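Q: take a look and give me a structure for this.
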Amino acid sequence: MRLVTAEEMRRFDARATDEFGIPSLLLMENAGIQVAREVSRQFPGGIRGKRVLILCGKGNNGGDGFVSARHLVNSGAEVKLFLLASEREVRGDALTNLTIYQRMGGKVYALMDPKDLNALRMAILSTDLVVDAVYGTGFAGSTPELAGRAFEMINEAGLPVVAVDLPSGLEADTGKIPSACLRATVTVTLGMPKFGLAVEPGASAAGEIVVADISLPREMIESTHIPRALLTEELCRSWLRRRPATAHKGDFGHLLIAGGQAGMAGAVVLAVLGALRAGVGLLTVAVPQTILPLVAPQVPEAMTWSLPDQAGGLTGQSLQERDRSAFTATVVGPGLGRAAERADFLLACLEGAAGPVVIDADGLNVLAGNIDLLAAAGGPVILTPHPGEMARLAGCDTDAVQSDRAGVATRYAREWGCVIVLKGARTLVATPDGQVYVNPTGNPGMAAGGSGDVLAGIIGALAAQGLAAERAAALGAYIHGLAGDCSARRLGQRAMNAGDIAGSLAEAWLQLEPA
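A: I've put the predicted structure just below:
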């Protein structure tokens, strides 16, 4: 599912009118009809007699609200419409539809002064549902004080809310909520879903997303490059390769997972467990000889390399003496440690790798002080930072990362020429060519130690099987989150742990690709 910015949506609307001759008034009519249909869908017993409160702004979003008000009245609903502007400020198509609504006998209640909030408060007491048609894709900055107070009153009432295009107070391009926002039960997004609806905090404010067809020409949309997409089951399934009946283990890649130090053996084990549940044919785990007795018994399916260690950790020399030509992908970092010698080990992993390299955990912390090491890679590199690790890599603070997750991930994916998996709520996958994938799976129960190690193993296993780096990263994030959702359903978010996520991967794969 492709995700657009406000400017991209504006261009689609303009082209529909200028190139295809679709009147803007018709686009508004179609939008309002779709909103009215969604409102009706909220009442399985029928809309007749239901009390609907509609908040409208002065722009085109308000115009969509005027259209929906008219259709809801015709369907037998009792509509009460509040306008957060003077009627004199309404222009163009919105004014046309306001006039039609009024000529049909529809009354408009002003909401321009704090004293008008009393009328809104009384209306809320006798309302079954609210339609939010105040601000559209043009909104940016802070919500005006009066509108903010109105939004807070409705939020506190706990009424179902159907938002037109996006919840008022939410920025379409970023998902940011700078101030008050009218939180929706359902958002009817018009024509194309907006990027801000897919990322947090916008996703939480939007509720269920319904993409409404407003008759934009399909040819126009499909021929336009949109570099953002929401990962869906359909898209992820399309990337999977069928396993032929004649297949053998050598057909599904050979993954090397390197890491671990004294006190951190579990990180490597979790990465191996993730990889083994992601379809890799062969797997070798390389760890310091001092922790091999802790690792090997827990992963009997994996072959092992016992590497000489220095102060309980790995050095570059220990890996350079090994032939790695058979490996089709490498994961480096889980439990690696941050000692200065680990930079030599990371360099050795990058220089000698025969396929994609996934750098995770302590590998990222080592890289943060040695970003030039990326130049040594002979193939694709996938970085899997959480926000704190991303901040260290980028040389900024965590707040700067979190305030512009997509911008930061995209910038550094281009600058460093690698795929970046920026973990967190709605994990982002950014590619060197500017593509961004948003992952909708996962839950807060996954915020536990070791979860990222499982993800690194999954991504490495998919890359080892021949998936392109960006697809391995995106599919890995999706299936990892899906396994987390399976764990949460079975165990609850509070009790689940990283091992449970690895253990739920089989269930997740069956959900994505039924046997």
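Q: the lengthiest helix in the chain - contacts with which helices or strands?
A: For the chain, the longest helix by residue count, based on DSSP state H, is helix 469-491. For helix 469-491, the packing partners by 3 or more Cβ pairs under 8 Å, 6 or more residues apart in numbering; DSSP states H and E come out as helix 233-239, strand 381-383, strand 419-422, strand 428-430, strand 436-438, helix 451-464, helix 498-503, helix 505-512. Yep, even glycine has a C-beta here, placed from its N, CA and C like the rest.
Q: outline the domain layout of the chain.
A: As assigned by automatic domain parsing, the chain contains the domains 6-226, 233-241+249-510.
Q: still on that earlier bit, now do the longest helix of the chain against helix 505-512, angle only.
A: 110 degrees (axes from the mean of the first three to the mean of the last three Cα atoms, to 10 degrees).
Q: mean confidence for helix 469-491?
A: Average pLDDT, helix 469-491: 99.
Q: also stretch 310-324?
A: 83.
Q: could you do stretch 218-237 as well?
A: The predicted confidence, averaged over stretch 218-237, sits at 97.
Q: ditto for stretch 85-93
A: 97.
Q: ok, N370 - how many residues close by?
A: N370 has 14 neighbouring residues, counting by other Cβ atoms under 10 Å.
Q: excluding chain neighbours, what is closest to it?
A: If the residues on either side of it in the chain are set aside, N370 comes closest to A343, at 5.0 Å by Cβ to Cβ, 6 or more residues apart in numbering.
Q: and L230, what is it in contact with?
A: The neighbourhood of L230, defined by Cβ atoms under 8 Å, 6 or more residues apart in numbering, consists of M1, R2, L3, P193, A198, Y437, V438, P440.
Q: for the closest residue to the second one other than its chain neighbours, helix, strand, or coil?
A: Spelled out, it's R2. Closest residue in space to R2, ignoring its immediate chain neighbours: I226 at 4.2 Å, by Cβ to Cβ, 6+ apart. Here I226 is coil, with the state taken from DSSP: H, G, I helix; E, B strand; the rest coil.
Q: against V436, how distant is I226?
A: 10 Å (Cβ to Cβ, to the nearest Å).
Q: returning to that earlier point: relative to T398, which of the helices and strands packed on helix 469-491 is closest?
A: strand 419-422 (11.7 Å; Cβ to Cβ).
Q: check which residues of the closest one are buried.
A: For strand 419-422, the neighbour count (16 or more other Cβ atoms under 10 Å) marks V419, I420, V421, L422 as buried.
Q: ignoring the adjacent residues along the chain, who's closest to L364?
A: E389 (4.5 Å).
Q: next one: M303
A: M303's closest residue in space is T284 (Cβ to Cβ, 6+ apart), at 4.4 Å.
Q: what about that neighbour, neighbour count?
A: Neighbours around T284, by other Cβ under 10 Å: 19.
Q: the helix or strand hosting it: partners in the sheet, and parallel or antiparallel?
A: T284 belongs to strand 282-288 when elements are defined using DSSP states H and E. Strand 282-288 sits in its sheet next to strand 254-258 (parallel), strand 303-307 (parallel), going by DSSP bridges.
Q: torsion angles phi and psi at H386?
A: phi -80, psi 170 (degrees, to the nearest 10).
Q: and the helices in the stretch 51-200 of the chain, which stretches?
A: Assigned by DSSP state H, counting those that start in this stretch, the stretch 51-200 of the chain shows helices spanning 60-74, 92-103, 117-125, 145-157, 195-198.
Q: mind putting the ones you listed in JSON lines, distance to A265 and mean neighbour count included?
A: Formatted as JSON lines, those follow (distance: least, Cβ to Cβ, whole Å; neighbours: other Cβ atoms under 10 Å):
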{"stretch": "helix 60-74", "distance to A265": "56", "mean neighbour count": "26"}
{"stretch": "helix 92-103", "distance to A265": "64", "mean neighbour count": "18"}
{"stretch": "helix 117-125", "distance to A265": "58", "mean neighbour count": "14"}
{"stretch": "helix 145-157", "distance to A265": "48", "mean neighbour count": "17"}
{"stretch": "helix 195-198", "distance to A265": "37", "mean neighbour count": "27"}
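Q: and these as TSV, adding distance to W509?
A: As requested, these are exported to TSV (distance: least, Cβ to Cβ, whole Å):
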stretch	distance to W509
helix 60-74	41
helix 92-103	49
helix 117-125	47
helix 145-157	39
helix 195-198	24
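Q: quick one: closest of the ones you listed to A258.
A: That would be helix 195-198 among the helices of the stretch 51-200 of the chain, by Cβ to Cβ, at 34.5 Å.
Q: who are the packing partners of the closest one?
A: helix 202-206.
Q: same for the helix it packs on, what does it pack against?
A: Partner elements for helix 202-206 (3+ Cβ pairs under 8 Å, 6+ apart): helix 195-198.
Q: so where does T290 fall, helix or strand?
A: Counting by DSSP H and E, T290 is part of no helix or strand.
Q: so for it, what's the pLDDT?
A: So, for T290, pLDDT stands at 93.
Q: which residues does it contact?
A: A262, D309, G312 are the contacts of T290 under Cβ under 8 Å, 6+ apart.
Q: need those residues in a markdown table (columns: distance to A477, neighbour count and secondary structure).
A: As requested, the contacts of T290 are arranged in a markdown table below (distance: Cβ to Cβ, whole Å; neighbours: other Cβ atoms under 10 Å; DSSP: H, G, I helix; E, B strand; the rest coil):
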| residue | distance to A477 | neighbour count | secondary structure |
| --- | --- | --- | --- |
| A262 | 30 | 15 | coil |
| D309 | 32 | 20 | strand |
| G312 | 32 | 16 | coil |
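Q: G450: which of the helices of the stretch 51-200 of the chain is closest?
A: Per Cβ to Cβ, nearest to G450 of the helices of the stretch 51-200 of the chain: helix 195-198, 27.0 Å.
Q: which ones are touching M390?
A: V401, V408, A409, Y412, I420, L422.
Q: need the max-distance pair from those residues.
A: V401 and I420, at 11.0 Å, using Cβ to Cβ across the contacts of M390.
Q: re earlier: between the helices of the stretch 51-200 of the chain, which one is nearest to I291?
A: helix 195-198 (40.8 Å).
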